[in-house]
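1. give me coordinates for this.
(2 chains, ligands or ions: 2)
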Amino acid sequence: MDKTVKISIIDRREPLECAPGVVLLDAIRSAGVAMESPCSGKGLCGKCKVRVLYGVAPSPKEDERRLLSVSEIESGFRLACLLSVDSDLTIDIPHEETGHKILTSGTKPDFQFELSIRKEVLDAPSRSPDCNSPYEELLAGAVPSLAKMTLPLLQTLTPLDGGYKTSEKHLTVVWDGDSPLAIEAGDTSDAIYGIAVDIGTTTVAVALVNLKNGEELGTSSAVNPQKNHGLDVLSRIDYARRLGAAGRHILQSLIAQALDEMAVSLCAECGVEARSVYSITVAANVTMLHLFLGIDPVSIGVAPFAPVFLRALSVRSSDVGLRSFPSAMLFTLPSVSAYIGADIVAGAYVCGMAKQKENVLFIDIGTNGEIVLASKGRLMSCSCAAGPALEGMNISCGMRAAAGAIEDVSIFSDRRAENALRLKVIGDVPPVGICGSGILSAIRELLRVGLIQKDGYMLSKEDLTPDNPLLSILCVYDGKSAARLSPQPHEVVITQKDVRQVQLAKGAILSGFMALLKKAGLEMDDVRRVLVAGQFGAHLPVESLTGCGVLPDILKNRVEYVGNTSVAGAYMAMMSRVARKEMEELAGEIEYTELSMMDGYQDIFLDSLEFPTFKKNS
Amino acid sequence: MADILSEISENLQIGKAKVVVELVGRALEEGIPPQRILDEGLLAGMGIIGTKFKAGDVFVPEVLVAARAMNKGAEVLKPKLAAEGIAAKGKAVIGTVKGDLHDIGKNLVKMMMEGRGIEIVDLGVDVPSDRFLASAKENDASIICCSALLTTTMGELKTVVDAVKASDISGKVKVMVGGAPVTQAFCDQIGADCYTPDAASAAEAAVGFI
Ligand code: B12
Ligand code: FES
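-> Ligands and ions are numbered 1, 2, ... in the order given. Predicted structure coming up:
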């Protein structure tokens, strides 16, 4: 008999039996245990942490040593994607919870409803009890345009239980424009619903809407299950490339199934029948749209970054595996370019960017920052590759916004050492790490009190006088000066390397602004409003944005948070044919600037790396 | 006399290109051999910046201004060095792989290598493997340096390594790989000759290959 190794996971009853040499991450995955692996198991992100409690594991290789701290290695932490298991092990998978609530709605203007979905109530055609001619013909006799029904339409007919029996006096035809979507027994004209969706790379948000009056009946959100195959869009594209059609299929069904399930439970919660949902409208970035529709995303991942499609699509929702909604049409919003997707078109639309009289900047801050500038009727956009530092990744003690994450930091340089720091921690528990908003606030504070210089250099103890109360904040970590926010055993520090990561991320975003302004011939001060959209931006207070120089100080009082404008745009496209058409026009009007091709971009980027300076005593 | 060399080094480190050019001129007038000005003035300064960059004490903009100052100073020295028959230490071709347009990291590597006296042929961005190869042959380079910043273009590094292995310069030219997502493990896996996490160590390693 072949030898196997047993892997026991705390909190799970059955140990996994695997072939010796199996990569731990693969073993965990094949057992159906959810496990975060943002870099899709390449040993780059350091987030697939597990703790080996019993058993002997081969000692960590260089890559693992680099991504784990010495104290983590001492306490048995390992990276599942780099550990091959040769003998029985017992491991613990640290749990992840979501702390911040996911945004499911955003600003939207008043607008006229103009549905493309409409219901027509007819007298049911009469039929003798022994008539055996097809229902299809019977209905076509009553409504000539129903002749030669399509397969999906035939599939909506339920002649036996819902009945086109002679007893039923009415039947209702559901139209999408002039094509029939469904035929229902009885008069169902009151029940007409739709679902607006934002598929984010990280999270999915849906809203159930009563199409009769535009009322939002409920919303829900969930983590995008594709996350296990890479955290950012490129890692997912790479996954699809490596696995080919099979990978594409896996990613497609993951998102379709998750969306189907979310929508079904939302309907159930609101007492709406799934078959009364006729429209599912989706906004998302270009990669997410490709993956959701089962279209090959590979070309989005390499220069010249050409997607397969950008335009709005309208298909039967069952065509993409939304199985529970037989009568619904799926509409996906149009995009501008590979990295300015339908989510941004939606946002620009709901913010009325095309109608702005003043200069307005719209920004969706995230791993990829997308920026749109409206100036004198012209719309310009660019995508700046911030990287995940602002979301707590690639940061020594970084973590997602979950319980135990430091989310805000204040430093009081005038107080005694033991009171110099104040932390706000999600869930009011002792801190174990720091999330994106925490990192920005920490750096803002360190800049303000002068422990970080504007070129990003972090002072060391030797740079301070012995009586300086700030001395207590500095420590030595991995042989370098660092700021210590919380002591052992769950030491949370900000290192020089972390500061450099934030500098790159903030520099990327600021450089995007600067590049667009330069193109439009504007100064920063000419910008009247800055609209911050999206899940992540919503958690970044203005002081952090300007304090770290993501935005220049001059715009401090001009920032507005507009929420999840992607789902708001999907909502508008669903409620109004006019809005839908205008979004298609808008997508064509927004100009795209590829920063890597822009003259002088490198200098703009380098200038943008500098942190702001603070006046003394502020 | 040694003072002026350390002055060159110090001004180079803070990116004072004009002062560096001036000081190099004065050092020549004082009769210091150009090779010594290069080694103990310019390259010494660049070496310090490289070490500081590696440690995180200075960042990309500081390195770039320092490198600019060094290049300006080196321009003054070039004719003198050539007159004395002193050639560059060796040659390398560098570029960002096909499908990728990121070049800031690549530019840093280039400057650091130049700072170590290596002559660099820069192929720019989006460079297919056959161009790396053709250029290495044409210039008789002993190193090919490839940079990749995207998960989706890392695979191109292997394409270059394989192309070199299958060519007649296999064994004669070393392939160095780098870029944020690249690791030592990845380098080993694709059989490249060398990986370093930062530009300063890249230049150091390159000197070792020449
Ligand atoms: C600046 C930047 C850009 C600029 C590039 C400008 C330019 N001319 O290079 C712009 C805005 C144009 C850009 C565009 C894109 N980018 Co970009 N970009 C970045 C950013 C912010 C910094 C990269 C950088 O310059 N770092 C500084 C340099 C000095 O570091 P480095 O390159 O790693 O180099 C060092 C070492 O690696 C080493 N090294 C480098 N090369 C070599 C070679 C050898 C031989 C050796 C030995 C060593 C070595 O030495 C260097 C110095 O020490 C990163 C995010 C981040 N935080 O890192 C994203 C990032 C690399 N970009 C990313 C993406 C996705 C893109 C885009 C494809 C999409 C988009 N959203 O715009 C586009 C188009 C791509 C393109 N142009 O090819 C992603 C990649 C994600 C992934 N999983 O692969 C990142 C990580 C951001 C993110 N969204 O997560 N980007
Ligand atoms: S390091 Fe293991 S999944 Fe990223």
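
2. distance check, A:Ala483 against ligand 2.
-> Distance from A:Ala483 to ligand 2, counting by CB to the nearest ligand atom, to the nearest Å: 25 Å. The C-beta positions use only the backbone N, C-alpha and C, and glycine is treated the same way.

3. contact partners for that residue?
-> By CB atoms under 8 Å, 6 or more residues apart in numbering or on different chains, the residues touching A:Ala483 are A:Ala442, A:Leu446, A:Leu451, A:Met458, A:Ile473, A:Leu474, A:Cys475, A:Val493, A:Ile494.

4. separation between it and ligand 1?
-> In terms of CB to the nearest ligand atom, A:Ala483 sits 20 Å off from ligand 1.

5. report the contact partners of the nearest residue to that residue once chain neighbours are set aside.
-> Leaving aside its sequence neighbours, A:Ala483 sits nearest to A:Ile494 (CB to CB, 6 or more residues apart in numbering or on different chains; 4.5 Å). Counting by CB under 8 Å, 6+ apart, A:Ile494 touches A:Ser396, A:Cys397, A:Ile434, A:Ile439, A:Ala442, A:Ile443, A:Leu446, A:Met458, A:Ala482, A:Ala483, A:Leu485.

6. show me the contacts for the third one.
-> For A:Ile434, the contact set (CB under 8 Å, 6+ apart) comprises A:Gly392, A:Ile395, A:Cys397, A:Gly398, A:Met399, A:Ala405, A:Ile406, A:Ala442, A:Leu485, A:Val492, A:Ile494.

7. from the residues you listed, pick the one nearest ligand 2.
-> A:Gly398 (13.1 Å; CB to the nearest ligand atom).

8. number of nearby residues for the closest one?
-> Using other CB atoms under 10 Å in any protein chain shown, A:Gly398 has 25 neighbouring residues.

9. re earlier: considering the contacts of A:Ile494, which is situated nearest to chain B?
-> Nearest to chain B out of the contacts of A:Ile494 is A:Met458 (CB to the nearest CB; 8.2 Å).

10. quick check, that closest one in contact with A:Val499.
-> Yes - in this structure A:Met458 lies within contact range of A:Val499 using CB atoms under 8 Å: 5.8 Å.

11. in which helix or strand would I find the residue positioned nearest the centre of chain B?
-> Nearest residue to the geometric centre of chain B (CA atoms, centre = their mean): B:Met113, 2.0 Å. Assigned by DSSP states H and E, B:Met113 belongs to helix B:104-115.

12. outside of that helix, which residues touch it?
-> Contacts to helix B:104-115, defined as CB under 8 Å, 6+ apart, come from residues A:602, A:605, B:42-43, B:46-47, B:50, B:60, B:63-64, B:67, B:70-71, B:74, B:92, B:94-96, B:120, B:122, B:125, B:145, B:147, B:149, B:178-180, B:199-200, B:202-203, B:206.

13. a markdown table please, covering the contacts of A:Ile434 and showing pLDDT, distance to ligand 2 and secondary structure.
-> Formatted as a markdown table, the contacts of A:Ile434 follow (pLDDT from 0 to 100; distance: CB to the nearest ligand atom, whole Å; DSSP: H, G, I helix; E, B strand; the rest coil):
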| residue | pLDDT | distance to ligand 2 | secondary structure |
| --- | --- | --- | --- |
| A:Gly392 | 81 | 14 | coil |
| A:Ile395 | 90 | 14 | coil |
| A:Cys397 | 90 | 16 | coil |
| A:Gly398 | 88 | 13 | strand |
| A:Met399 | 85 | 14 | coil |
| A:Ala405 | 89 | 19 | strand |
| A:Ile406 | 94 | 23 | strand |
| A:Ala442 | 96 | 24 | helix |
| A:Leu485 | 94 | 24 | strand |
| A:Val492 | 92 | 20 | strand |
| A:Ile494 | 96 | 21 | strand |
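
14. between those residues, which sits nearest A:Asp463?
-> The nearest member of the contacts of A:Ile434 to A:Asp463, counting by CB to CB, is A:Ile494 at 16.1 Å.

15. do you know how far that closest one is from ligand 1?
-> Noted for A:Ile494: a distance of 16 Å to ligand 1, by CB to the nearest ligand atom.

16. check B:Ile32 too.
-> Applying CB to the nearest ligand atom to B:Ile32 and ligand 1 gives a distance of 32 Å.

17. repeat for B:Lys78
-> B:Lys78 is 25 Å from ligand 1, by CB to the nearest ligand atom.

18. residues near A:Leu154, how many?
-> Neighbours around A:Leu154, by other CB under 10 Å: 12.

19. spit out the residues that contact A:Met458 and A:Val499 alike.
-> Counting by CB under 8 Å, 6+ apart, the shared contacts of A:Met458 and A:Val499 are A:Ile452.
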